[in-house]
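*Asks:* Sequence unavailable; structure follows:
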């Protein structure tokens, strides 16, 4: 794809500079290329240009791309970042590198059940809803303690941190309070569950990833700035 290699190079440079300003190791920040609605050929092109982690919002689309590229020889790590229905968990647990959108105890229990059946540990993130938006999914902040307790105790799960989607805003600075709160929440949970390696904060998209990195993001979910505008 024309431009993807240049886009990835520019993004990596900007992420590195943001990390250095925040006194962080640039290597600690993962660029997750959000490939929803993009064909498998675009994913392959991005992988050849240096991307390794890809995020998808829809189970069937992810399963289809995984199958299409399984024999490509490319080093692909698939993340599921959309709302996940319990009846579709079984399609992801055999191969998904990270399920970022765990927002209920019942979903966590189903992922545990299916991960055990697949005989693997399933890495997951707790998706927190810090804004109370009716149009977005995520675990309300008041329910986070119960979900955290489940994630820490269920077999087959490797709970690795938190994810959030702030309200859409033109000004990236409007996302900062939500990212800061997610960082604080992660610190509280890490202190309460010292046996869990809660190293990841998945936050930040194409318009506000610099602010997210400044606030501690370890995974930034970037689509348009990698692949260009959708047709």
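*Replies:* Received it, and whenever you're ready, just let me know what you need. For clarity, every value in this text was computed on a predicted model and none was experimentally measured.
*Asks:* Now the phi/psi pair for the residue nearest to residue 28 when sequence neighbours are not counted, please.
*Replies:* Leaving out its chain neighbours, the residue that sits closest to residue 28 by Cβ to Cβ, 6 or more residues apart in numbering is residue 218, at 5.8 Å. (Glycine included, C-beta is placed from N, CA and C.) Per-residue torsions, residue 218: phi -110, psi -20 (degrees, to the nearest 10).
*Asks:* shouldn't residue 218 be in contact with residue 161?
*Replies:* Yes: contact between residue 218 and residue 161 holds when scored by Cβ atoms under 8 Å: they sit 7.3 Å apart.
*Asks:* After the host helix or strand of residue 63, which helix or strand is next? Please name it.
*Replies:* Using DSSP states H and E, residue 63 sits within helix 59-69. Later in the chain than helix 59-69, the nearest helix or strand by DSSP H and E is strand 77-80.
*Asks:* partners of that following strand in the sheet?
*Replies:* strand 53-56 (parallel), strand 98-102 (parallel) (DSSP bridges).
*Asks:* Now do that strand: everything it contacts.
*Replies:* Strand 77-80 has contacts (Cβ atoms under 8 Å, 6 or more residues apart in numbering) with 32, 52-57, 59, 62, 65-66, 92, 95-101, 219.
*Asks:* which among those end up buried?
*Replies:* By neighbour count, with 16 or more other Cβ atoms under 10 Å, the contacts of strand 77-80 hold 32, 53-57, 59, 62, 65-66, 92, 95-101, 219 as buried.
*Asks:* Please, where are all the helices along this structure?
*Replies:* 4-21, 40-48, 59-69, 105-118, 144-153, 176-192, 209-214, 224-227 (DSSP state H).
*Asks:* Save those helices as TSV, and put in distance to residue 124 and mean pLDDT too.
*Replies:* Formatted as TSV, the helices of the chain follow (distance: least, Cβ to Cβ, whole Å; pLDDT from 0 to 100):
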stretch	distance to residue 124	mean pLDDT
helix 4-21	24	95
helix 40-48	22	96
helix 59-69	15	98
helix 105-118	6	98
helix 144-153	7	98
helix 176-192	13	97
helix 209-214	20	96
helix 224-227	24	95
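*Asks:* which one of the ones you listed has the most crowded surroundings?
*Replies:* Compared across the helices of the chain, helix 209-214 shows the largest average neighbour count, a mean of 24 (mean count of other Cβ atoms under 10 Å).
*Asks:* Which pLDDT does the model give residue 230?
*Replies:* Note on residue 230: pLDDT of 75.
*Asks:* Now for it, how many residues are close by?
*Replies:* Neighbour count of residue 230, defined by other Cβ atoms under 10 Å: 9.
*Asks:* State the distance from the residue lying closest to it once chain neighbours are set aside to residue 47.
*Replies:* Excluding its sequence neighbours, the residue lying closest to residue 230 (Cβ to Cβ, 6+ apart) is residue 37, at 6.0 Å. The gap separating residue 37 from residue 47 is 17 Å, by Cβ to Cβ, to the nearest Å.
*Asks:* can you check residue 121 too?
*Replies:* Noted for residue 121: a distance of 24 Å to residue 47, by Cβ to Cβ.
*Asks:* again, but for residue 106
*Replies:* From residue 106 to residue 47 the distance is 34 Å (Cβ to Cβ).
*Asks:* Also residue 223?
*Replies:* Using Cβ to Cβ, we find residue 223 at a distance of 15 Å from residue 47.
*Asks:* Need the residues touching each of residue 218 and residue 161.
*Replies:* 199-202.
*Asks:* In PyMOL, select just the buried ones from these.
*Replies:* Paste this into PyMOL to select the buried members of these, with burial taken from 16+ other Cβ under 10 Å:
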select buried, resi 200+201+202
